[in-house]
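Chemist: After the sequence you'll find the predicted model.
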Amino acid sequence: MTDLTRRTAFQLAAAAGTGAAVTSVQKPRKEVTTFVFVTGSNGTASGDAELALRGHRTVGVSLPGHGPENQLHRAYQAPQDLAKLATLPSAMAGVTLDDYVEATVDVVRRVSRYGPVILVGGSLGGSTITKAADAVPGLIDRLVYIGAYCCTKLRSPAEYLETPEGRTSLGAAILPGVVGDPQVLKAIRVNWRTNDARFLDAAKAAFMNEGTDGEFLALLNASLPDESLEVSSADARGRKDAWGRVPRVYVRQTLDRVIPPALQDRMIREADEATPGNRFKVFTVRTPHAPTRKAYQEITDILDGLAQ
C-alpha cells in the first residue's frame with residue numbers, strides 16, 4: 001500500500017467511525033504537515049511554536065518516565081537534600097528503547113491521519129526515530145536527525161562513542177553531577193541544579209559553550225534529572241527494507257562537542273553506504289550540541305523548507 005492510499009484509508013476509516021454520512025457539502029480536510037519531535041536525554045515533550053506560526057502542526061512525544069511529575073521532588077529543590085535525592089526511586093528504571101519507540105509510533109499513527117509526517121530526533125532521540133521508522137515506514141514522510149545518533153554499522157550510540165571520532169566527546173562532563181548509584185537506581189540521575197562552578201563550567205563547555213549563561217542555565221532548568229540506563233546501549237540499527245527507504249535529512253552541528261562533527265560525518269557516511277539509493281540530504285549549522293536561540297532559528301528555517 002502506498003503512503004497516499006494508506007493515509008486515505010486512515011481518513012476514510014476516521015470518517016466512518018463518526019457514523020456520519022459524507023455528503024457533497026462537506027469540505028475535505030486540508031492536509032497539514034505535522035512535525036513530531038523526539039527529545040534527547042533528559043528532555044521533555046515539546047513542539048516548535050515558530051513552525052506552528054508558519055502553518056504547520058507540531059507535537060512532542062511524551063516519552064515514558066519523562067514527565068516532570070515523575071521526576072521532580074522536593075529533595076531536588078533548594079536547599080537540596082542530596083542524601084534523599086540519591087535514593088529516591090526512578091521513573092526511568094527499566095525503561096527501554098522499545099518503550100520510547102512504542103510511544104513515538106503511537107503519536108505517528110495518530111497524526112498521520114491529517115497529512116504528511118516529519119519525524120525529528122535530536123541527540124539520543126536519533127535512536128528512537130530510526131526504530132520508529134522500522135516499525136511504520138509507510139507513515140513517515142521524512143526523518144530528520146538534528147545532531148543525532150544514526151546507527152548502522154555499529155549497534156548503539158555507546159559503541160559509536162568508543163570510536164576514534166567519538167572519543168573526543170565531552171559528554172562525560174555530566175559525570176561529576178551524577179547523584180546516587182546508577183546500578184541501584186537503574187537510571188542515571190544528574191543534579192542539574194547544582195551550583196558547583198567546576199561542573200557548570202564543564203557542562204557549558206560541552207553542551208552550549210557559545211550560549212549566554214542565561215541560555216545555558218535555562219537549558220539546565222528545563223532538563224529532567226533522570227535518564228534511562230539502557231537506551232544508549234540498545235541496538236538502534238535500522239533495517240534497510242524499512243528505515244532505509246524513508247527519505248532522511250541530517251542537520252550537522254559544527255560546534256558540537258558531545259557528538260563531534262567527525263562522528264556525525266561518520267554516521268552519515270555509513271548510513272549512505274548502507275542505502276546508496278536513499279542518501280541523507282545534509283544541512284550544516286554552526287551550533288553547539290544544545291542550539292542557541294539564534295542557531296535554532298536557522299534550524300527552524302530548514303524544517304520549514306522541508307514541508308514545502
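Modeler: Happy to help now that I have it. Since the model is a prediction, treat every value here as computed from it, not as a measurement.
Chemist: how long is stretch 59-74 end to end?
Modeler: End-to-end distance for stretch 59-74, by CA to CA, to the nearest Å: 29 Å.
Chemist: how close does the nearest residue to Asp181 once chain neighbours are set aside get to Gly121?
Modeler: Distance criterion CB to CB, 6 or more residues apart in numbering; nearest residue to Asp181, sequence neighbours excluded, is Ala86 at 7.7 Å. For every residue, glycine as well, the C-beta is placed using N, CA and C. Counting by CB to CB, to the nearest Å, the separation of Ala86 from Gly121 is 31 Å.
Chemist: And Arg252, by the same measure?
Modeler: Using CB to CB, Arg252 is found at 14 Å from Gly121.
Chemist: the more surrounded of the two?
Modeler: Gly121 (28 against 20; other CB atoms under 10 Å).
Chemist: so which helix or strand takes in that one?
Modeler: Assigned by DSSP states H and E, Gly121 falls within strand 117-122.
Chemist: For whichever helix or strand comes after that strand, name the packing helices and strands.
Modeler: Under the assignment DSSP H and E, the closest C-terminal helix or strand after strand 117-122 is helix 125-135. In terms of contacts (3 or more CB pairs under 8 Å, 6 or more residues apart in numbering; DSSP states H and E), helix 125-135 is packed against strand 34-38, helix 97-111, strand 117-122, strand 142-146.
Chemist: So which of those is nearest Lys153?
Modeler: strand 142-146 (15.8 Å; CB to CB).
Chemist: List the pairing partners of the closest one within its sheet, with orientation.
Modeler: strand 117-122 (parallel), strand 248-253 (parallel) (DSSP bridges).
Chemist: what angle sits between the first one and helix 125-135?
Modeler: When axes from the mean of the first three to the mean of the last three CA atoms, to 10 degrees is applied, the directions of strand 117-122 and helix 125-135 differ by 150 degrees.
Chemist: what's strand 117-122 in contact with?
Modeler: The contact list for strand 117-122, computed with CB atoms under 8 Å, 6 or more residues apart in numbering, reads 33-40, 43, 104, 108, 111, 127-130, 132-133, 139-148, 303, 306-307.
Chemist: What residues of that strand count as buried?
Modeler: By neighbour count on 16 or more other CB atoms under 10 Å, the buried set for strand 117-122 is 117-122.
Chemist: With distance to Leu154 added, can I get those in a markdown table?
Modeler: Output for the buried residues of strand 117-122, formatted as a markdown table (distance: CB to CB, whole Å):
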| residue | distance to Leu154 |
| --- | --- |
| Val117 | 27 |
| Ile118 | 26 |
| Leu119 | 22 |
| Val120 | 23 |
| Gly121 | 17 |
| Gly122 | 20 |
